[in-house]
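Trainee: Kindly generate the corresponding structure for this input.
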Amino acid sequence: AGGGAAPAGDGAGAYAQALASADLGALCREAGLDPRAVEEAARALRPEEGEVAVLVGPGVQDAAAASEAIDLALLLRAGLLFASAGPNLQGALDMGLHPGLLPGGKRLSDSAARAACQEVWGRPLSEAPGLDAEGIWAALAGKRVRALYLLNCDPAAEHPDGARVRQALEAAEFVVLHASHVNASLAHADVVLPATTLYEEEGSVTSLERRVQRLRRAIKPVGEAREPWRVLSDLGRAMESPMKAHALDRIRLQARQLCADYAGLFARLPEEGVQLARGRGGRFQAASLPPAGAPAGGLRLLLAPALWLSGSQVASAAHLRSMPRAALRLSPPDADRIGVGEGGEADLELSGASLRLPVRVDGSLPVGLAQAPEGYLAALGGSLPASAARGGIPVRVRSAAASPRVEVGG
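Mentor: Below is the predicted model:
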């Protein structure tokens, strides 16, 4: 409205009706925003006047929120970037590291892409998609999967539902941990294989905007560590199922054959990299936009980096004691509901323990989400800080001055 972008394309009519029925004032009060500032921003975001990008953070995990991000990108005819807590996500997707994708980002149902993969790999390709992470944990717990190979990941610490993952790891009959550093999943491993760090590898990385850059090895692998592709090739031979791509040049050859965008890159990548094209398209998904109510089970705590508050060694540094204290950030509606204002104190219940922190009211936070400094809870004895870095963990928050006790969503 007011000269801003308008929906156009597949599903645009239904989405326009959904937008027209939304109560902008109520949504702005929920988010702590000035409606006039929102309208001014909408008028400024005109796709024909310049490139626009929509960045989706790793905390967005439900389908409804992802659909709204896609709708916004379609509305603005913008690029859509899904940020990940892990590096090289776009490169992994381009190479087919997804249960429903083939190299080149092709869907498993694409008959031409399937035929190309079968010809290059020299073996038939299953039509069934692989298991995603949640499917793997369920299959381990149900004994439908017996063994697990963890390559440069730490699900015991990184997964939002750490307890469930640890139970699944315990249920596995055999776990291989292939990593460069000691991590929390080590306790569940039957075999540990040393992996190289990024300084010991040759390859490429692809950013969220699909800019491909060369990864150059700075030092030779230290000790018994070897590049993962060498280890996987050796394992394939030992299991009498050898890989055709058993050398780095053959891996790059397969990438050229199956990923058309990468075909001419590896031999002539400039230092600044090469940005590949991004496909555009999609259908609007109309949805009602009611103001969010109180979360059913309390708040979700998301940890964010704070340089002077991350880690026990930093927390003990005398010269950093004058830096701002750790604080619990809350959205304006949640702060009102709990009964605590800017500069007040709130009690945070985490794993049966209670931690008192000053409150900062932050209008950029969505309802239902609380934020605290990453690493700070670990220094104070919190038992689940790492799992809150991705997706958040459920917590209870109450005003330190509340009597009787007041809980959000309690």
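
Trainee: Contacts made by the helix or strand Gly135 falls within with the rest, please.
Mentor: Here Gly135 is covered by helix 133-141, with elements defined by DSSP states H and E. By C-beta atoms under 8 Å, 6 or more residues apart in numbering, the residues outside helix 133-141 that reach it are 99, 131, 145, 148, 155, 159, 164-165, 167-169, 171-172. The C-beta positions use only the backbone N, C-alpha and C, and glycine is treated the same way.

Trainee: just how off-centre is stretch 332-339 within its chain?
Mentor: Distance, stretch centre to chain centre, for stretch 332-339: 28 Å (C-alpha atoms, centre = their mean, to the nearest Å).

Trainee: buried residues in that stretch?
Mentor: Pro332, Pro333, Asp334, Ala335, Arg337, Ile338 (16 or more other C-beta atoms under 10 Å).

Trainee: quick revisit: which element follows the helix holding Gly135 toward the C-terminus?
Mentor: strand 147-151.

Trainee: Quick check: neighbours of that following strand in the sheet, parallel or antiparallel?
Mentor: strand 174-179 (parallel) (DSSP bridges).

Trainee: thinking again about what came up before, ok, so of the contacts of helix 133-141, who is nearest Leu253?
Mentor: Of all these, Pro99 has the smallest distance to Leu253: 24.8 Å, by C-beta to C-beta.

Trainee: In contact with the closest one: list those residues for me.
Mentor: Pro99 neighbours (C-beta under 8 Å, 6+ apart): Pro129, Gly130, Leu131, Asp132, Gly135.

Trainee: can we see that at 7 Å?
Mentor: Pro99 is in contact with Pro129, Gly130, Leu131, Asp132, counting by C-beta atoms under 7 Å, 6 or more residues apart in numbering.

Trainee: ok, for it, nearest residue in space, not its chain neighbours?
Mentor: Gly130 (3.6 Å; C-beta to C-beta, 6 or more residues apart in numbering).

Trainee: Inside helices: which ones of the buried residues of stretch 332-339?
Mentor: When DSSP state H is applied, the buried residues of stretch 332-339 are split such that Pro332, Pro333, Asp334, Ala335, Arg337, Ile338 fall in helices.

Trainee: so what's the fifth one scoring on pLDDT?
Mentor: The pLDDT attached to Arg337 in the predicted structure is 86.

Trainee: re earlier: the helix holding Gly135: which residues count as buried?
Mentor: Within helix 133-141, the residues scored as buried using 16+ other C-beta under 10 Å are Ile136, Trp137, Ala139, Leu140, Ala141.

Trainee: Tell me the secondary structure of the residue nearest to Pro99, please.
Mentor: coil (DSSP: H, G, I helix; E, B strand; the rest coil).

Trainee: What's the separation between it and Gln90?
Mentor: Distance, Gly130 to Gln90, by C-beta to C-beta, to the nearest Å: 19 Å.

Trainee: Can you pull the phi/psi pair for Ala168?
Mentor: Ala168 has phi and psi values of phi -70, psi -40 when expressed as degrees, to the nearest 10.

Trainee: List only buried entries from the contacts of helix 133-141.
Mentor: Val145, Leu148, Pro155, His159, Val165, Ala168, Leu169, Ala171, Ala172.

Trainee: State the mean pLDDT of the helix holding Gly135.
Mentor: 94.

Trainee: Show me which pair in the contacts of helix 133-141 is furthest apart.
Mentor: Pro99 and Gln167 (21.9 Å).

Trainee: Can you pull out the residues in contact with stretch 72-89?
Mentor: For stretch 72-89, the surrounding residues in contact (C-beta under 7 Å, 6+ apart) are 5, 7, 9, 45, 47, 52-58, 69-70, 205-206, 208-209, 278, 282, 284, 389-390.

Trainee: which among these end up buried?
Mentor: By 16+ other C-beta under 10 Å, the contacts of stretch 72-89 give 5, 7, 52, 54, 56, 69-70, 205-206, 208, 284, 389-390 as buried.

Trainee: Now tell me which of the residues you listed the prediction trusts least.
Mentor: Least confident entry in the buried ones among the contacts of stretch 72-89, by pLDDT: Ala389, with 45.

Trainee: returning to what we had before: what is the nearest of the buried residues of helix 133-141 to Ser364?
Mentor: Trp137 (32.2 Å).

Trainee: distance of the closest one from Cys117?
Mentor: Distance of Trp137 to Cys117, given as C-beta to C-beta: 27 Å.

Trainee: Check Asp94 too.
Mentor: 14 Å.

Trainee: do the same with Gly142
Mentor: Distance from Gly142 to Cys117, by C-beta to C-beta: 30 Å.

Trainee: Enumerate every residue touching the residue nearest to Gly203 when sequence neighbours are not counted.
Mentor: Leaving aside its sequence neighbours, Gly203 sits nearest to Leu215 (C-beta to C-beta, 6+ apart; 4.5 Å). Counting by C-beta under 7 Å, 6+ apart, Leu215 makes contact with Leu198, Glu201, Glu202, Gly203, Ser204, Val205.

Trainee: that older thread, from the contacts of helix 133-141, which has minimum pLDDT?
Mentor: Among the contacts of helix 133-141, pLDDT bottoms out at His159, giving 79.
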